[in-house]
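**Q** model this:
(2 chains)
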Amino acid sequence: MTVPLLLAAIALPSASGLAAVALRRRPAAGQGLACLLVCAGAACGLAAAGAALQGGEIAAPRLSLRLDGLGAVFLAPISLLAAAGSVYGLGYHRQAALGARAIRLQLYYGLAVGGMALLVAASNAIVFLVGWEVMALANFLLVLTDDERGEVQRAAFLYLASTHVGTLALFALFALLGQAAGSFDFAAWQGLSAAGALGARGFVLALLGFGMKAGLVPVHFWLPPAHAAAPSHVSALMSGVVVKTGVYGLLRVTGLLDGVPASWGIALLALGGISAVLGVAFALAQHDLKRLLAYHTVENVGIITLGAGLALLGRARGEPALVLLGFSGAALHVVNHALFKGLLFLGAGAVQHATGTRELDHLGGLARPMRGTALLFVVGAAAIAGLPPLNGFVSEWLVTLGFLRGLGRPAGDVLAFLALGAPVLAFVGGLAAACFAKVVGVAFLGNPRTGPAREAHEAPPSMLAPMAVLAAACAAIGLAPSLAIAPLGGAAAAWARLDPGALAEAAAEASSGAARVSLVAAGLLAAVALAVLLRRRLLAAAPRAPATETWGCGFSAPSARIQYTGSSFAALLVARFSWAIFPRGPTPHLAGPFPGPAELRTEVPDTVLDLGLLPAARAYGWLATRARLLYLRRIQFQMLLVLVTLVAFLAWGFVW
Amino acid sequence: MSSPLLLRTLFHLAVLALVPPLLLGIVNRTKSIVGGRVGPPLLQPYRDLAKLLRKGAVYSRTTTWVFRAGPVVGLAAVATAGLLLAMGGAPAAISFTGDFVLFAYLLGLARFFTALAALDTGSPFEGMGAAREVTFASLAEPALFLCLLVLARATGTLSLSGMLGPSLPGAWTVAAPALLLAAIALFVIALAENARIPVDDPNTHLELTMIHEVMVLDHGGPDLAFILYGASLKLFLFGAILSRLALGGTGSEVAAELLFLLGLALFAIAVGAVESVMARFRMIRVPQLLVGASILSAFALVLLLR
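**A** Numbers count the residues shown, from 1 in each chain, chains lettered A, B, ... in the order given. You can find the predicted model right below:
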């Protein structure tokens, strides 16, 4: 019964684009049908994921498909976000208005979703790679949707090159493991030893291949431009779930191997910590709304990687509690991040739809014309900042609990120092809150800074409804975390190949804590309701005062331009990261008692891409051109080179 | 829950609801005595609150629902955080493993909405205040976590009730240096989080130099009352942690409660004394102060972990 559900979850979205092609003469119907197919596939996917998490895995050995708890954790958000983005597209990317462009998008969107569903359900490395490549290429074409813009072309090419470097590493990884096991079935890899040269090589390759897709620092550089360039519902899909396939791959491969050394867990903790801190720091410095959200994806993948590192460390050191807390935290954060980042990207799309710009410092005051979008965006912002009573808090709390396990260790044990991870997470949470105070404040609050922001309009219901569904899911997990945590215990045990009983104690502790979190969340809502009622009664009894202008501290001619901008809001914090972030731009020259008008324009290059890789590539290109000139000029010189090479090889042959 | 424990919890809720403004009164009284002034009466903050609650509120035409939500969410979040705090030796109303994370993030929720409400006015001054608040808070947060980790390690528990509960006196006998360092760091964090000197001057008159006060310039009436009460509640929460940490001794239940209240009063006097003898730091020195507190508490933690 459940196998057809899984097949439908893969096939229906993959075929959805064909509906748009077939009904191209009736675009509204074509897009509607395609959307319906994606949604039907998503419903099947959610049902299959639910079944796999509750009642054990779904296997179709002859098709090399097998959905276990780990796969289900990823299939659920893939399905939900695919459906949300597809419905959103009905209003945001209308086929009736955009024609062939929208048909292409529909085709690739379905393929990307189908590819992802296939790869998380694959039980064979070849099938996995097929899903991986379909997803990667479809995403490349999705990024290229607005292909007449140079910025989009550059972002898409960078994405294509990076994803193929990653795929190359995966080919090598799977070849190594396949050779060692004599088969490409994941089942045959189970129990391969992670110790020794095979394990070390495999781990480095997996880090490169999967880390590239996941966007871990320092191989995150392709992510911000690609996610900013794609249409917003595609960005939501890419940031929300596509990057997670990298995390899935890391967890899948490490879960299969036996005797995982503690150093792997420590490596993941280090990479995760660096990604989380630098991701949010880079995000703070951005003034393009979607680039900023994309850097937050780097941060959140860092948090997920911290959880995965804890789980690996727990396996290496035989600590079931660490396995449970790390795995559950990482898995729940995978789902949570998909929900709130999807919501935020859809919100950013609504802003772009309404104003035509993503530049934060051109926005402002959108909460007035766009009430619904603003409310939902605030929910997403609070969730991503890890604030209760929303879902982001729950998963960060679980990962923190994992770090706190270190406190119970005897003095002198290295694991005791895990406790130092908790303040790092708190720091990241504080920075994320600061960053989203900036985003919400500059884009939605205050006075509109430019004409387009003044004339903004609310998004249509077809765009608001999917955002509302995602926001409701964020609130539901935040208010009743026990329901979300309970099924993860089984998935953690299956992943670590531990007896579920070994995890029971830690699981009971986590779920009793989660029940108390619900209680406090309910108390918080009750307190808010009480305060609202009290305030309303007090204001009704008090004399009414007329509305006025904002108090300008004595300044009598305020304008929207005197408001704090996003850059000035973040300047204090960005200055703390002057060792990693290098904003550039000419400093305006102001002289004399009455200086004339001046202009300040800054940009924040990506430290790895713009200050590391591109200059290195340019230098290499320069050298290569020089080297080529040497022998291109004269044929005699080329022949001399051939001769020298020949002699060198001969000499090498003789000497060896 | 046995009935004496229930009574004690109810007593603590009453203390949580009623005592906070008194702390502000004690702080101001201390300052006026040191400054040689007569100063306002001890109960003046209650009168201020009562006055504000009776008034109407003036709203700027720029503001939206976010501006109105700020004080409400701010007060509700801080009050809910109070439910997690152990007072006077008895466990808190709600306690579980890792509850201090929720405690810290509830304070973060209050701060987030206060900053949003400030940005909603479109005033450059309030934007400035919000930027400073979130900046300093993001540095104070890891320091707070480190301090609480020291407590957790020293007492061997992972809940606020355990950390501030009966095992604290025993922890002082074996880990006194680390706990002392943590207490000092916690006091610095309490000053920063509550916008007191030397981080922020609650009595300053120049908007350009303010942090917390400038964020609430446009609030009036019941909204301002909520903010003031929330601020005093937050001061109370930090005072309660420090009071338990410094004076948590063994003894009868009544003695523990009296000692707790005495500790709160001493905390308020200490804040007032710092405010009387020090000037505000320059704004760029504040991060150094907070990073210093982090390093102090990290050092304390390493002392216990090594």
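**Q** Quick check: phi and psi on residue 123?
**A** In the absence of a named chain, chain A is used. Main-chain torsions, residue A:123, degrees, to the nearest 10: phi -110, psi 20.
**Q** Let me rephrase: I mean chain B.
**A** Residue B:123 adopts backbone torsions of phi -90, psi 130, taken as degrees, to the nearest 10.
**Q** what do you get for residue A:193?
**A** According to degrees, to the nearest 10, residue A:193 has phi -80, psi 130.
**Q** beta partners of it?
**A** Using DSSP bridges, the bridge partners assigned to residue A:193 are residue A:258.
**Q** Count the residues that sit near it.
**A** Applying other CB atoms under 10 Å in any protein chain shown, we find 12 other residues in the vicinity of residue A:193. Bear in mind the C-beta positions are built from the backbone N, C-alpha and C, glycine included.
**Q** Chain A: strands as residue ranges?
**A** Assigned by DSSP state E, the strands in chain A fall at A:58-60, A:65-67.
**Q** now the ones you listed in CSV, with mean pLDDT?
**A** Formatted as CSV, these follow (pLDDT from 0 to 100):
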stretch, mean pLDDT
strand A:58-60, 91
strand A:65-67, 94
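**Q** what's the most buried one of those?
**A** Comparing the strands of chain A by mean neighbour count (mean count of other CB atoms under 10 Å in any protein chain shown), strand A:65-67 comes out on top with a mean of 23.
**Q** And that one, what does it pack against?
**A** On a contact count with 3 or more CB pairs under 8 Å, 6 or more residues apart in numbering or on different chains; DSSP states H and E, strand A:65-67 meets helix A:2-22, helix A:27-55, strand A:58-60, helix A:100-121.
**Q** helices or strands up against the shortest one?
**A** What it means is strand A:58-60. Partner elements for strand A:58-60 (3+ CB pairs under 8 Å, 6+ apart): helix A:2-22, helix A:27-55, strand A:65-67.
**Q** The same query, at a cut-off of 7 Å, please.
**A** Packing partners of strand A:58-60 (3 or more CB pairs under 7 Å, 6 or more residues apart in numbering or on different chains; DSSP states H and E): helix A:2-22, helix A:27-55.
**Q** Look through the stretch 151-300 of chain B and state the residue closest to chain A.
**A** Per CB to the nearest CB, residue B:222 is where the stretch 151-300 of chain B lies closest to chain A, at 4.2 Å.
**Q** pLDDT below threshold where in the stretch 501-650 of chain A?
**A** A:631 (pLDDT under 70).
**Q** repeat that for 80
**A** Within the stretch 501-650 of chain A, the stretches with pLDDT under 80 are A:553-557, A:586-587, A:628-634.
**Q** Which residue does it have closest to chain B?
**A** Closest point on the stretch 501-650 of chain A to chain B, by CB to the nearest CB, is residue A:564, at 2.7 Å.
**Q** Which residue, other than its chain neighbours, is closest to that residue?
**A** The shortest distance from residue A:564 to any residue other than its chain neighbours is 2.7 Å, reached at residue B:127 (CB to CB, 6 or more residues apart in numbering or on different chains).
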